[in-house]
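Participant: Next input, structure requested:
(chains A and B)
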Amino acid sequence: MTLNSLQKGKSATITTITAEKELKNRFNSFGVVKGATVHVEQYTLAKQTMEIRINKTRMALRVSEAEKVEISQ
Amino acid sequence: MKTIKIALVGQPNVGKSHLINAFGHTRLKVGNFSGVTVEKKTIRFTRDKYNFEVTDLPGSYSLTDYTIEERVTKNFLDDGDYDLILNVVDSTNIERNLYLTMELLALDKKVVVALNMQDEAFNEGVIIDDKQLSKLLGIRCVPTSALKKTGIDGLMDAITQTFDTAKKTCHLQYSDPYEEEIVKITSFFTEKNYQTDIDLKTLAIKLLREDTQIYKKFRDEAIWTELQPLLNESYEHLYIHYKTKDLDGIYHDEKNALAKGAVKESVKFDHAKETGLTDKIDMVLTNQYAGLPIFLFLMWGLFQITFEWGSIPMDWIDAFFGAMIDGTKSFLGDTELASVIADGAIAGVGAVILFLPNIIILFTGIALLEATGYMSRAAFLLDGFFHRFGLHGKSFVPLVSGFGCSVPAYMAARVLKNDRDRLLTLYITGFMSCGAKLPVYVLIIGAFAAPEHAGNILFGVYIFGAFLGLVAAKALKMTAFRGDDEPFVMEMPKYRLPTFGMVYHAVSQKALMYLKKAGTFILAASVLIWFASNYPKYPEMVAEFETKIEQVSGDEEKVRALNNELSLYNLENSYLGQVGHASQPFFEPLGFDWRMAVALETGLAAKEVVVATMGVLYGLGDEEDEESSSLAEKLRANVTLPSAIAFIIFAMIYFPCLAASMVFRREAGGWKHWIYLFIFTTAAAWVLAFIAFTIASALFS
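Facilitator: Next up, the predicted model:
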């Protein structure tokens, strides 16, 4: 499953990142990497943007970008 | 005395500017990095018999080159003139910050790490063994708190000592398979006795990451023919071992593993001390339902304060310069010199300073939004909506400010870190009708609409403008700004209390920058427009009118009428009036006569002038305002409803005033964009006004 289908308040482990180079690099510098534990903090009302937390870093990303992060619960 | 040149590097929100303030008495120089609109801050100070010269590089999460800020940082670190890197690290989020440190260490430069926000980290139960970390990384890591001004002396000692010792070779030990390939390449270089001033290990890592710069360099060298098969072999090994062909990804995994390892061996976490304060605040502020209303309220408040409070000092400034203009004229008499000084120069300076209160208040608000961490939350809440039109969540700041005044709005576009996002936002900010366009709307609507509908129509005009702006953004995104979306992924920093110093520095810099850069252009152009509307002179006509006035002396009504006729004659025949007449064919299809054309053209100086010009041109003198019933009557008699509608549309969209366009020129990065904006706004205004005119003509004929 992909990160955008993870429910609010749930955690999962990142298995693969299928994003293209630029996005992957951005993910990398925020710690969105294989093996990291990701926690979903919030979705916006229209469900187009989500807030996640990895370790101590919170970040916002678009749902379309979260589709490129594979996770397993 | 020795000079130490320092490159100050860190991720965003680590307190770099705070740390600079903590250095004590410093001299700050703000400029731009060559060729780009990225602020370059150079700080100089003297301490312990050393001169320090610090270049504050834009905050970057890693050394990539996707945004201009990142590019500037990367280029400076690769080719800039500096002796050592001072890497500022947020101790409360040490692991992620060390990702960048690991990249810096691979550069083979002298590096000192400031473990900043030590006090906050301690309160949150993050305990860093700085001696252990220093040993692991092979560089000096000094705990500091820029806020509490502690650890600064220790940091300075570490910098001077690192500067004075001979360069150390790269200390990082990657995983065995990776090191193996590195060793293969470095020993090949050694065997070949290859001469280079770059450290061999650094070189090897760059080759293993397929760094384009390094490849370009090697392609022209004889050694390449032997190096290439060796590299291919190494790549194959890495592909097999890491089960991926993403070489850059492999490097990042290696680097992140090093950071993780360093944290594991030198940092202790006391989880009991975590406050979760940010969580609690976010439960309210980014709440699915409450988030947006709270945001709208805060924005409304900022907007009110900026333009309501701002109008008070603006009135004073206006009155002050008005008095100065009158004073100069009465002192120097009614001469040309008096006119050029008073109406040209002083009025020009006044026009520049007039916007200062707005800029200061708005930027205080923006600095607070950024310093507290709320800005990212707002962008998070709004990105879904703005993204549909090709804009970024943070675009709301310049766009909302645009309803007040375009000058601070264009400056506010700096909150957007990405080049393309920022440019696109700059181009459509003008669609948000600024406060100075209000009198134009009020006058025209008042002249043609029933009083009970006027308010609704006015509101509709504003909404329509904003709507057109969003459509224009979409259109530009699909044409001139076509391309893949930039990733939105954005850090949501911890909530922090802003300090006075931080806000003060941000605001005073913006204000000074505005006065220095925009001010000179606005002043020069004001004098030019004054000249165009006052020259050439027609002494015979003036004499003729003076005799006429003498003849009717006593009849004030007639004197006034004659004076109006004279100023009408002067304006109509001035260079500006001549341009108006010449440009009439351009405006003809929109149903504008030459008077409306001239009014719009004087509006290029400042939108406030449009109504006053119409007053002159319709023979009522220049004392008219938008509430004037006689001007409204004149308009009804001279202008048809379809051309009035077209006029509103044109005024809504066309080129911003002089002050704003000069700020736009600077923020967009050159005259090229200024010309593009002129073409874009004029074309859009003309086409839409033409459509409106045609439809209205068909409906109301």
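Participant: residues from the stretch 51-200 of chain B in reach of chain A?
Facilitator: Neighbours of chain A within the stretch 51-200 of chain B, by C-beta under 8 Å from any C-beta of the partner chain: B:Y61, B:S62, B:T64, B:Y66, B:T92, B:N93, B:E95, B:R96, B:Y99, B:L100. Where C-beta positions appear, they are placed from N, C-alpha and C, glycine not excepted.
Participant: out of those, who's nearest B:P357?
Facilitator: B:P357 has its nearest neighbour among these in B:Y61, at 36.0 Å by C-beta to C-beta.
Participant: Which neighbouring elements make contact with whichever helix or strand B:V507 is part of?
Facilitator: Using DSSP states H and E, B:V507 falls within helix B:500-513. Applying 3 or more C-beta pairs under 8 Å, 6 or more residues apart in numbering or on different chains; DSSP states H and E, we find helix B:500-513 packed against helix B:16-22, strand B:27-32, helix B:356-372.
Participant: Only the buried residues of it, if you could.
Facilitator: With burial defined by 16 or more other C-beta atoms under 10 Å in any protein chain shown, the residues of helix B:500-513 counted as buried are B:M502, B:V503, B:H505, B:A506, B:V507, B:Q509, B:K510, B:A511, B:M513.
Participant: And the contacts of it?
Facilitator: Here helix B:500-513 makes contact (C-beta atoms under 8 Å, 6 or more residues apart in numbering or on different chains) with B:17-18, B:21, B:30, B:356, B:359-360, B:363-364, B:367-368, B:370-371, B:411.
Participant: Please convert the buried members of the residues you listed into PyMOL selection syntax.
Facilitator: Typed into PyMOL, the line below selects the buried ones among the contacts of helix B:500-513, using 16+ other C-beta under 10 Å:
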select buried, chain B and resi 17+18+21+356+359+360+363+364+367+368+370+371+411
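Participant: could I get the contacts of helix B:500-513 as JSON lines with distance to B:M596?
Facilitator: Formatted as JSON lines, these follow (distance: C-beta to C-beta, whole Å):
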{"residue": "B:S17", "distance to B:M596": "50"}
{"residue": "B:H18", "distance to B:M596": "54"}
{"residue": "B:N21", "distance to B:M596": "54"}
{"residue": "B:V30", "distance to B:M596": "43"}
{"residue": "B:L356", "distance to B:M596": "32"}
{"residue": "B:I359", "distance to B:M596": "32"}
{"residue": "B:I360", "distance to B:M596": "36"}
{"residue": "B:F363", "distance to B:M596": "36"}
{"residue": "B:T364", "distance to B:M596": "40"}
{"residue": "B:A367", "distance to B:M596": "42"}
{"residue": "B:L368", "distance to B:M596": "43"}
{"residue": "B:E370", "distance to B:M596": "43"}
{"residue": "B:A371", "distance to B:M596": "47"}
{"residue": "B:M411", "distance to B:M596": "31"}
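Participant: Return the two entries of the contacts of helix B:500-513 that lie farthest from one another.
Facilitator: B:H18 and B:L356 (26.2 Å).
Participant: rewinding a little: from the residues of the stretch 51-200 of chain B next to chain A, which land in helices?
Facilitator: Mapping these onto helices (DSSP state H) picks out B:E95, B:R96, B:Y99, B:L100.
Participant: re earlier: quick check, nearest of the buried residues of helix B:500-513 to chain A?
Facilitator: Closest approach between the buried residues of helix B:500-513 and chain A, by C-beta to the nearest C-beta: B:M502, at 21.2 Å.
Participant: Who are the contact partners of the residue nearest the centre of chain B?
Facilitator: Nearest to the geometric centre of chain B sits B:R414, at 2.2 Å (C-alpha atoms, centre = their mean). Residues counted as contacts of B:R414 (C-beta under 8 Å, 6+ apart) are B:R422, B:E667.
Participant: just checking, what packs against the lengthiest helix in chain A?
Facilitator: Scanning chain A for the helix with the most residues, using DSSP H, yields helix A:21-30. Under the contact criterion of 3+ C-beta pairs under 8 Å, 6+ apart, helix A:21-30 touches helix B:94-105, helix B:247-266.
Participant: between the shortest one and helix A:21-30, how big is the angle?
Facilitator: Between helix B:94-105 and helix A:21-30, the angle comes out at 120 degrees (axes from the mean of the first three to the mean of the last three C-alpha atoms, to 10 degrees).
Participant: ok now helix B:94-105, how far from the chain's centre?
Facilitator: How far helix B:94-105 lies from its chain's middle: 28 Å, per C-alpha atoms, centre = their mean, to the nearest Å.
Participant: Just the C-alpha atoms of it, please, in PDB.
Facilitator: Listed next in PDB are the C-alpha coordinates belonging to helix B:94-105 (Å, rounded to 0.1, in the frame of the first residue of the first chain):
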ATOM      1  CA  ILE B  94      20.000  16.200  15.300                       C
ATOM      2  CA  GLU B  95      19.800  13.200  13.000                       C
ATOM      3  CA  ARG B  96      18.100  15.000  10.100                       C
ATOM      4  CA  ASN B  97      20.500  17.900  10.500                       C
ATOM      5  CA  LEU B  98      23.500  15.600  10.400                       C
ATOM      6  CA  TYR B  99      22.400  14.400   6.900                       C
ATOM      7  CA  LEU B 100      23.600  17.700   5.600                       C
ATOM      8  CA  THR B 101      26.700  17.700   7.800                       C
ATOM      9  CA  MET B 102      27.700  14.400   6.200                       C
ATOM     10  CA  GLU B 103      27.400  15.900   2.800                       C
ATOM     11  CA  LEU B 104      29.600  18.900   3.900                       C
ATOM     12  CA  LEU B 105      32.200  16.500   5.300                       C
END
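Participant: Other residues contacting that helix?
Facilitator: Applying C-beta under 8 Å, 6+ apart, the contact partners of helix B:94-105 are A:28-31, A:55-57, B:9-11, B:14, B:60-63, B:77, B:85, B:87, B:89-90, B:111, B:113, B:115, B:121, B:126, B:128, B:137-139, B:170-172, B:255-256, B:258-260, B:262-263, B:267.
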